[in-house]
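A.B. asks: I would like to see how this sequence folds:
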Amino acid sequence: MRLALLATALALSASAAYAAGTHSGGHGYDEMAVGRPGKAEHVDRTIEVVMRETDDGEMVFEPASLSVKAGETIRFEVKNSGELEHEFVLDHHDKLMEHKALMERFPEMEHDDPNSIRLAEKTGGEVIWTFSNAGEFEFGCLIPGHYDAGMKGSVTVSAN
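C.D. replies: Numbering: from 1, shown residues only. Below you'll find the predicted structure:
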């Protein structure tokens with residue numbers, strides 16, 4: 001009986017940790033549709049991205065659209081100049097929408113993914129990314145309500 005209770009308790013605590021804990025490493029980061037984690041020594045250029053709220057209640061990225069070339073490694077210097085916590089998540093639209101739905105179910109979920117960074121207000125950080133595939137991709141803030149308030153942008157990756 002004790003063994004059954006212990007097994008049940010362990011199973012429940014593991015699922016609770018998943019729901020409220022981090023979600024890292026589960027995406028197969030060797031290669032994604034949008035590319036792969038980049039290395040600092042291979043950075044081709046740096047793009048500054050600012051996250052903030054507007055006076056009329058929108059949440060925005062500046063710039064809201066980016067153009068890069070396949071094979072280019074970009075250092076995104078991400079700055080949260082807003083009054084709220086925000087995140088920068090880079091992916092294909094369908095994957096962003098899957099992630100957004102998961103965030104709506106588990107809003108306290110933390111991230112440790114190389115294609116994203118979550119920043120407290122008035123802080124900054126970086127994401128280094130290699131765009132290995134041409135196509136249309138997105139970035140967004142997936143904290144519940146932020147994407148719907150306008151916090152999204154596009155990345156066009158052109159072939160070499």
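A.B. asks: quick one: the strands in this protein?
C.D. replies: With strands called from DSSP state E, the chain shows them at 22-23, 36-37, 45-53, 59-62, 65-69, 73-80, 86-91, 110-111, 116-119, 123-130, 135-140, 152-158.
A.B. asks: Looking at these, spot the one closest to His146.
C.D. replies: strand 59-62 (5.0 Å; Cβ to Cβ). From N, CA and C alone the C-beta is placed, and that goes for glycine too.
A.B. asks: Which neighbouring elements make contact with the closest one?
C.D. replies: In terms of contacts (3 or more Cβ pairs under 8 Å, 6 or more residues apart in numbering; DSSP states H and E), strand 59-62 is packed against strand 45-53.
A.B. asks: how about a cut-off of 10 Å?
C.D. replies: strand 45-53, strand 86-91, strand 135-140, strand 152-158 (3 or more Cβ pairs under 10 Å, 6 or more residues apart in numbering; DSSP states H and E).
A.B. asks: where are the low-confidence patches of this structure?
C.D. replies: Along the chain, the model assigns pLDDT under 70 to residues 1-29.
A.B. asks: Would you point out which residue is most central in it?
C.D. replies: For the chain, the residue nearest the mean C-alpha position is Val89 (1.9 Å; Cα atoms, centre = their mean).
A.B. asks: where's that one relative to Ala159, distance?
C.D. replies: Here the distance between Val89 and Ala159 works out to 24 Å (Cβ to Cβ, to the nearest Å).
A.B. asks: Distance check, the nearest residue to Pro37 once chain neighbours are set aside against Asp56.
C.D. replies: Distances taken as Cβ to Cβ, 6 or more residues apart in numbering place Pro114 nearest to Pro37, at 3.8 Å, with adjacent residues excluded. Pro114 sits 34 Å away from Asp56, going by Cβ to Cβ.
A.B. asks: out of these two, which sits in the busier spot?
C.D. replies: Pro114 (18 against 6; other Cβ atoms under 10 Å).
A.B. asks: just to revisit the earlier point, tell me the most buried of the helices and strands packed on strand 59-62?
C.D. replies: strand 86-91 (a mean of 25; mean count of other Cβ atoms under 10 Å).
A.B. asks: Check the contact between Gly145 and Met59; I expect there is one.
C.D. replies: Yes: counting by Cβ atoms under 10 Å, Gly145 touches Met59, with 8.3 Å between them.
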